[in-house]
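Visitor: Sequence plus the predicted model coming up.
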Amino acid sequence: MSPPATDRAQAGASPASSAPADAPRLPDFDAMAQNMGRLVEEAGKVTAAYLKPIERGEAKTGQADEASEMVKVLGRVAERWISDPRRIIEAQASITGDFLSLWSNTLKRLGGETTEPVIESEGRDPRFADPEWREHPVFDFVRQAYLLSSRWAETLVDKAEDLDPHTRDKARFYVKQLAGALSPSNFIATNPELLRETLAQNGENLVRGMKMLAEDIEAGGGELKIRQSDARAFEIGVNIAMTPGKVVFRNDLIELIQYAPATETVLKRPLLIVPPWINKFYILDLNPEKSFIRWCVAQGLTVFCISWVNPDERHAAKDFESYMREGIFAALEAIEQACGEKKVSAIGYCVGGTLLGVTLAYMAATRDKRIDSATFFTTQVDFTHAGELSVFVDEDQIRALEQQMSQRGYLDGSRMSGAFNMLRPNDLIWSYAVNNYLKGKAPSAFDLLYWNSDSTRMPAANHSFYLRNCYLDNTLSRGEMSLGGKRLDLGKVKIPIYNIATREDHIAPAKSVFIGSQKFGGPVDYVLAGSGHIAGVVNPPYKVKYQYWTGPKPEGALEDWTAKAQEHPGSWWPHWFGWLEAQAPKRVAPRIPGAGGLPALCDAPGTYVKVKA
C-alpha cells in the first residue's frame, strides 16, 4: 500500500510537490480509491436500512400516494397547455429565447468580456453563496439555467387556463418541491464548493455522509429522517425544557405541569397554556433565555401547561371532543384542585389555539365561565385563507390519509414533520441534505431544530375531525360545527381576547388570523408581530429583536388595519402581560406545586414529552 499523501509529499514523491504554491492541490488517488470502496460499503448499509422494514412488513405507507398526487396535479397543468398548440409554441419560444441569451452571454464571458446576468435569484439565496457560482462562467451558466428553468415552470402554472385555485396552489407547491430537489447545488458535479470539498478530502466527506444517511434512514424506520441538529447535545429536562415544576395531574391524554413560583407574590388568576399536539410543548421552554414559560413565572404568574401524550394505536378513537374534555376541561378541574381557583386565563398556540377556540364556543353554549380571558398565538379559527398547508387538504387526499391512519390508528409523526419541512424545502430539507450527506458534516447543536425534529403522532379520529371541519369545510367560522351535542358559535364568546399573528407566517397567515379575530363576539386585541410562526412568538424581551404592531379594532381588511397600526420595537411579551395583568391585578402568596390539593407526580417536564414518535 502506498504511504499517506503527507509522507509522500515530504519525501518529494508527490507529483504536486514541485508545483507552484498557489496551484490547486491534487487529490491523493490512492486515498480516493480506498474511500470509494468504503463508500460502496456504506451504500450497502443504506440499502439494508431501507429494506429492513419492508422485509419485516413494517414499511410506512403514503409516499406512493403523494407521488401519484403530484403527477396527477402537474398532469392537469400540462393538459391545459397541450390542448392549445399556439400557447405551447409561445411557451417553448419563451424558454428558448432566454437560453439563447444565456448562451450568448456565456460565450462572451469565455472570450473575456463582462456581461450582465440574464437572471438573478430573488433576494439572498444561500445555495449560491460561493463566489465561483458567479465568477466561473460554467458554474454561472448552470446557475442561471436552473433559475430560468424554475421561473419558466412557475410561469406555466400561473398562466395555465381554467385551473381551479386549489389545483393551481398544489401545482405551485409541487413545482417548488421539484425545483428545490433539482437545484444544481444539490449535486457534486454541478456544485463548485462540493467539488472542492470532495477533491480536498479525497472523498472522505462522501463516506461520512453515506454513513449518516444510513443512520438517518434507520432512525426513520425505512424513510429518510434528515437530522437537523446534533441530538446528542440535548436532554429533555436537563438542558432543554428545564423550567422547574411538577406534574400534578395525568390522564390518558395529558400531563399537567405546574411550574414553581419565582416571585414573592403571584397574580391570583392562574394561567393555563394549551400547546399544539402536532409538536411538543417545550417550544415555549427551549432554554432559560428563550423560555416564554420561565418569563411568565418571573412576572408572577402561576403557570400550568398541558403536555399532550404522544399517541399510539390505543388513542385511535380520541377525537376533538376528547381533547376538549380530557385535555382542557380536565386541566381546569385539576387547577381548581391544585390552587382553589375556578377561573383562569388561557393561552392556545397554533392547533392548540384552534382547540381553545372550539372549547370557548362550547363553554359559551353551556354557560361555562371558567376561562376569563384567552390569548391566541398564531391561531386559525377561520380557514378561508389557511396558508400553504392547505395544499395537502382536499377530499381525495383526506380520504387517502384516513385509509392510512385506519391501519395503525394514528398519523405517523414523520408525515407532519415532513409536511412542515416541505413548506421551506431549501432551508429545512436540501441545505441539510447537502451539508450532511455530501459535505459529510454533522449539523450543529440548535435547540429549535432539535425540537422541530422531535415529532409527534396524531390520533386518527382527532386528525380526521380537524382536517375535515377546519381546513376542508371551515365549519367553526361558519357556525356549523357541532361538538358534544352543541352547535358552536364564536360570536357568543364574549371574553377579552389577545390575538397574536406574525407577519411572515406560512402556517397561520396574518390575514387568516385577522379574519378569525372578527368572528368573536367580545373585545379582541389583534397584534401583529415580526418574523414567522415560531420566531415571532418565541421572541424574549431581553433581545430587542423584530417588532410588533398594535392598532384599532380588527375590522375590514388587514391592509387597512396595518395602515393605521403603530409599530413598536422588540418583543410583544411585556405588552401582552400588561393586557393580562390589567384584567385581574390582585396578587396572593405563591403556590408551590404539589403543596395544594394535588400531590406532585414527578418533576417537570414529565414523562409524556420524552416519548419518541
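Guide: Right, received. Where do you want to start? Residues are numbered from 1 along each chain as shown.
Visitor: mind listing what the spatially most central residue of the chain touches?
Guide: For the chain, the residue nearest the mean C-alpha position is F420 (4.1 Å; CA atoms, centre = their mean). Each residue near F420 by CB atoms under 8 Å, 6 or more residues apart in numbering is listed here: 428, 452, 507. The C-beta positions use only the backbone N, C-alpha and C, and glycine is treated the same way.
Visitor: of the residues you listed, buried ones?
Guide: When neighbours are counted using 16 or more other CB atoms under 10 Å, the contacts of F420 contain these buried positions: 428, 452, 507.
Visitor: Setting aside sequence neighbours, what's the nearest residue to the first one?
Guide: This points to L428. By the measure of CB to CB, 6 or more residues apart in numbering, the closest residue to L428 outside its immediate chain neighbours is N421, 4.2 Å from it.
Visitor: ok, which stretches of the stretch 401-550 of the chain are strands?
Guide: Assignment of strands within the stretch 401-550 of the chain using DSSP state E, counting those that start in this stretch yields the ranges 410-411, 458-459, 482-483, 486-487, 497-502, 524-529, 547-550.
Visitor: Make TSV out of those strands and add distance to R151, mean neighbour count and mean pLDDT.
Guide: Converted to TSV, the strands of the stretch 401-550 of the chain look like this (distance: least, CB to CB, whole Å; neighbours: other CB atoms under 10 Å; pLDDT from 0 to 100):
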stretch	distance to R151	mean neighbour count	mean pLDDT
strand 410-411	35	25	94
strand 458-459	37	26	96
strand 482-483	46	16	96
strand 486-487	48	14	96
strand 497-502	28	24	98
strand 524-529	31	23	98
strand 547-550	32	20	98
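Visitor: Take these and write them to CSV, including distance to Q337.
Guide: Putting the strands of the stretch 401-550 of the chain into CSV (distance: least, CB to CB, whole Å) gives the following:
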stretch, distance to Q337
strand 410-411, 31
strand 458-459, 27
strand 482-483, 25
strand 486-487, 26
strand 497-502, 27
strand 524-529, 31
strand 547-550, 36
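Visitor: so which of these gets nearest T263?
Guide: T263 lies closest to strand 497-502 among those, at 21.8 Å (CB to CB).
Visitor: The closest one pairs with which strands?
Guide: Taking DSSP bridges as the criterion, strand 497-502 forms sheet pairs with strand 371-377 (parallel), strand 524-529 (parallel).
Visitor: Report the helix or strand with the lowest average pLDDT across this structure.
Guide: Taking mean pLDDT, DSSP states H and E as the measure, the helices and strands of the chain show their lowest mean at helix 5-11, namely a mean of 36.
Visitor: and after that helix, which helix or strand comes next?
Guide: helix 29-55 (DSSP states H and E).
Visitor: Return the residues in contact with S307.
Guide: 247, 254-257, 275, 280-281, 605-606, 608-609.
Visitor: Compare the residues you listed and tell me which is most surrounded.
Guide: Compared across the contacts of S307, I257 has the highest neighbour count, 30 neighbours, by other CB atoms under 10 Å.
Visitor: Was I right to think it contacts F249?
Guide: No - when contacts are counted by CB atoms under 8 Å, I257 is not listed as touching F249 (9.0 Å).
Visitor: and the end-to-end length of stretch 277-287?
Guide: End-to-end distance of stretch 277-287 (CA to CA, to the nearest Å): 20 Å.
Visitor: Please disregard the earlier target; I meant stretch 255-267.
Guide: When the end residues of stretch 255-267 are compared by CA to CA, they are separated by 23 Å.
Visitor: Give the rounded mean pLDDT of it.
Guide: pLDDT averaged over stretch 255-267 equals 98, rounded to a whole number.
Visitor: one step back: and the gap between the residue nearest to the centre of the chain and T106?
Guide: Going from F420 to T106 by CB to CB, to the nearest Å gives 39 Å.
Visitor: T375 too?
Guide: Here the distance between T375 and T106 works out to 56 Å (CB to CB).
Visitor: neighbour count winner among these two?
Guide: Higher neighbour count among T375 and T106: T375, with 24 against 19, using other CB under 10 Å.
Visitor: what are the bridge partners for the more buried one, then?
Guide: In this structure, T375 has the following beta-bridge partners (DSSP bridges): I347, Y498.
Visitor: how about the strands in the stretch 251-400 of the chain?
Guide: Per DSSP E, counting those that start in this stretch, the stretch 251-400 of the chain has strands spanning 254-259, 266-267, 271-274, 303-308, 344-349, 371-377. These are given in chain order.
Visitor: any idea of the angle the fourth one forms with strand 344-349?
Guide: Which is strand 303-308. What separates the directions of strand 303-308 and strand 344-349 is an angle of 40 degrees, with axes from the mean of the first three to the mean of the last three CA atoms, to 10 degrees.
Visitor: Cross the contacts of F420 against helices and list the overlap.
Guide: Mapping the contacts of F420 onto helices (DSSP state H) picks out N452.
Visitor: Among the contacts of F420, which has the minimum pLDDT value?
Guide: Across the contacts of F420, the bottom pLDDT score, 88, is held by L428.
Visitor: Please verify my assumption that that residue contacts G180.
Guide: No - with contact taken as CB under 8 Å, L428 and G180 are classed as non-touching, separated by 10.0 Å.
Visitor: What sits closest to R151 if chain neighbours are left out?
Guide: Counting by CB to CB, 6+ apart, R151 lies nearest to I119, which is 6.8 Å off, once chain neighbours are set aside.
Visitor: State the pLDDT value of that neighbour.
Guide: Per-residue confidence for I119 comes out at a pLDDT of 94.
Visitor: How about C602?
Guide: In the predicted model, C602 carries a pLDDT score of 98.
Visitor: Residue numbering should commence at 4 henceforth.
Guide: Done: numbering now begins at 4, and the last item shifts to C605.
Visitor: For the closest residue to it other than its chain neighbours, give me the pLDDT.
Guide: The shortest distance from C605 to any residue that is not its chain neighbour, by CB to CB, 6+ apart, is 5.0 Å, and that residue is V250. The confidence metric pLDDT takes the value 98 at V250.
Visitor: P23 now?
Guide: Turning to P23, the model gives it a pLDDT of 46.
Visitor: circling back: residues in contact with the residue nearest to C605?
Guide: Contact criterion CB under 8 Å, 6+ apart gives 258-261, 310, 603-607, 609-610 as the residues in contact with V250.
Visitor: can you do 6 Å?
Guide: For V250, the contacting residues are 258, 260, 604-605, 609, by CB atoms under 6 Å, 6 or more residues apart in numbering.
Visitor: ok, now G330?
Guide: The contact partners of G330, taken as CB under 6 Å, 6+ apart, are 256-257.
Visitor: Mind pulling up the pLDDT for it?
Guide: 98.
Visitor: List the residue ranges of the chain that fall below the pLDDT cut-off.
Guide: Low-confidence segments of the chain, defined by pLDDT under 70: 4-28, 61-68.
Visitor: in what helix or strand does E123 lie?
Guide: Of the helices and strands defined by DSSP H and E, none includes E123.
Visitor: ok, and the closest non-adjacent residue to it?
Guide: L150 (7.4 Å).
Visitor: Run a quick neighbour tally on the one you found.
Guide: When counting by other CB under 10 Å, one arrives at 23 neighbours for L150.
Visitor: and if you look at L275?
Guide: One way to gauge burial is a neighbour count; for L275, by other CB under 10 Å, it gives 24.
Visitor: about what we covered before: closest one of the contacts of F423 to D133?
Guide: Among the contacts of F423, L431 lies closest to D133 (CB to CB), at 20.6 Å.
Visitor: The closest one reaches A422, doesn't it?
Guide: No - L431 is not in contact with A422 according to CB atoms under 6 Å; the separation is 11.0 Å.
Visitor: Going along the chain, name the helices of the stretch 454-603 of the chain.
Guide: With DSSP state H, counting those that start in this stretch as the definition, the stretch 454-603 of the chain shows helices at residue ranges 463-469, 478-481, 513-520, 561-567, 576-586.
Visitor: Buried residues, the second one. List them.
Guide: Right, the one you point to is helix 478-481. Taking 16+ other CB under 10 Å as the basis for neighbour counts, the residues of helix 478-481 that come out buried are 478-480.
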